[in-house]
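S.K.: What follows is a protein structure lacking sequence information:
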């Protein structure tokens, strides 16, 4: 699992790739919380994520709630079918805002 | 009862870096059976969740513990058997939770129950701690 963070306008973008399971989800959690420490809205780009388990989902939920506490927005980008399937199984597909692009996410926050 | 055919077996220490190869064993076995993509993805996920639970809860971080994963076919059913040598699990503590309460954690058990048709702790062979059998009807 790889992660990279960069800023783009008013957003911090955390790009994750690979498979997210219980072995790597602590690093995802760390990266999500560190991303929010930048003080901007956080977009988590999952377009490169081919697999996620409940511990990975839990890291995203924690990020979502942490963002809310800081009055920041938290959204997912590029959710692939396999990841969407897990979000649907856990009924979180209706909880996370999801977008196909940074532009769409930024427009939604205006 | 239908005859049981073992399709794959993977023995590994209770370490989280073994989760990915365990997933590959299940994926390869199901691909060889000709199962569809979503069926494979969901079954792999359920097995991964159950295996994570063994590592996390049954062995509670003891990386020297052994886990045995077996992929079996029993008639028209797929059976995944997970064997560990940890102390017997208290079944009353394993419960899925209310998903309307949005919070991290506790999702794994729900996922397993959503995907698999049947979950059963069966009598372990001598020396073993817990044997979990997860059954799912094979795709036609």
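M.R.: Received the coordinates, thanks. Since this is a predicted model, take the numbers as computed values, not measurements.

S.K.: and the residue positioned nearest the centre of chain B, what element?
M.R.: Central residue of chain B (CA atoms, centre = their mean): residue B:47, 3.6 Å from the mean position. Using DSSP states H and E, residue B:47 sits within helix B:37-53.

S.K.: Now do the buried residues in that helix.
M.R.: B:39-53 (16 or more other CB atoms under 10 Å in any protein chain shown). C-beta: built from backbone N, CA, C; applies to glycine.

S.K.: now, which of these sits nearest chain A?
M.R.: Set against chain A, the nearest of the buried residues of helix B:37-53 by CB to the nearest CB is residue B:52 (4.3 Å).

S.K.: How many residues are close by residue A:68?
M.R.: Residues contacting residue A:68 under the criterion other CB atoms under 10 Å in any protein chain shown number 11.

S.K.: need the contact list for it.
M.R.: residue A:74 (CB atoms under 8 Å, 6 or more residues apart in numbering or on different chains).

S.K.: Measure how buried residue B:5 is and give me the count.
M.R.: Neighbours of residue B:5 (other CB under 10 Å): 11.

S.K.: secondary structure class for it?
M.R.: Using DSSP: H, G, I helix; E, B strand; the rest coil, the structure places residue B:5 in strand.

S.K.: The lengthiest strand in chain A vs helix B:37-53, what angle?
M.R.: Using DSSP state E, we find that the single longest strand of chain A is strand A:41-52. Here strand A:41-52 runs at an angle of 100 degrees relative to helix B:37-53 (axes from the mean of the first three to the mean of the last three CA atoms, to 10 degrees).

S.K.: Show me what counts as buried in the very next helix or strand once past strand A:41-52.
M.R.: With elements assigned by DSSP H and E, the helix or strand that comes after strand A:41-52 is helix A:54-69. By 16+ other CB under 10 Å, the buried positions in helix A:54-69 come out as A:54-64, A:66-67.

S.K.: Noted, bye for now.
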